[in-house]
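Trainee: Have a look at this fold, sequence not included:
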């Protein structure tokens, strides 16, 4: 899968974020007619050029945009936000929203925020890949209870490295077809 990643400033205003993603798509594809449009569940797609795909995640100070020649989904979390919030019971959230195997993975890691985030970003990346959204979380698992799976329903779902100043404080996952 040929992908190109852009790290941009996370802008609070949704319309401004959309304009920036569309601008990057036009620049990336070298076509001023390209548009980024959104489906019913918020999945972005590229209009004006065939067989090109886009996925976006916003977290912390960054927005990461991925363009690909195959379907793709990306998600990320700013770990500083998770680690510094002792009031959140990540195990309780995992037990409510994750599959039993995923909750077991978080449980075996003492309800650790990073273990929770590793599952969450993989689930979100796969949900963005399929376009089904968070309502589909119960229908698939990214863990066997002991480790994280590298594939879900035949689709690669893995940790994804994005390099930028401060990137060590972030965790990303990418879902997409392999070549």
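Mentor: Yep, it's here. What you see is a predicted model; the values in this text were computed from it and never measured.
Trainee: List phi and psi for residue 82.
Mentor: phi -80, psi -50 (degrees, to the nearest 10).
Trainee: Hmm, residue 114 and it touching each other?
Mentor: Yes: using C-beta atoms under 8 Å, residue 82 is in contact with residue 114, at 7.3 Å. Using the backbone N, CA and C atoms, a C-beta is placed for each residue, glycine as well.
Trainee: Could I get the contacting residues of the residue nearest the centre of the chain?
Mentor: Centroid check for the chain by C-alpha atoms, centre = their mean gives residue 75 as the closest residue, at 1.3 Å. Shown in contact with residue 75 (C-beta atoms under 8 Å, 6 or more residues apart in numbering): 57, 120-122, 124-125, 128, 172-173.
Trainee: Going by distance to residue 144, which of those residues wins?
Mentor: The shortest approach to residue 144 among the contacts of residue 75 belongs to residue 122, at 12.6 Å (C-beta to C-beta).
Trainee: Mind checking what secondary structure the closest one has?
Mentor: When classified by DSSP: H, G, I helix; E, B strand; the rest coil, residue 122 comes out as helix.
Trainee: That one: neighbouring residues, count only.
Mentor: 29 (other C-beta atoms under 10 Å).
Trainee: quick one: the residue nearest to residue 100 when sequence neighbours are not counted from residue 125, how far?
Mentor: When the adjacent residues along the chain are set aside, residue 100 lies closest to residue 145, with 7.6 Å between them (C-beta to C-beta, 6 or more residues apart in numbering). Distance, residue 145 to residue 125, using C-beta to C-beta, to the nearest Å: 20 Å.
Trainee: Tell me which of the two has more neighbours.
Mentor: Taking other C-beta under 10 Å, residue 145 and residue 125 do not tie; residue 125 has more neighbours (30 against 14).
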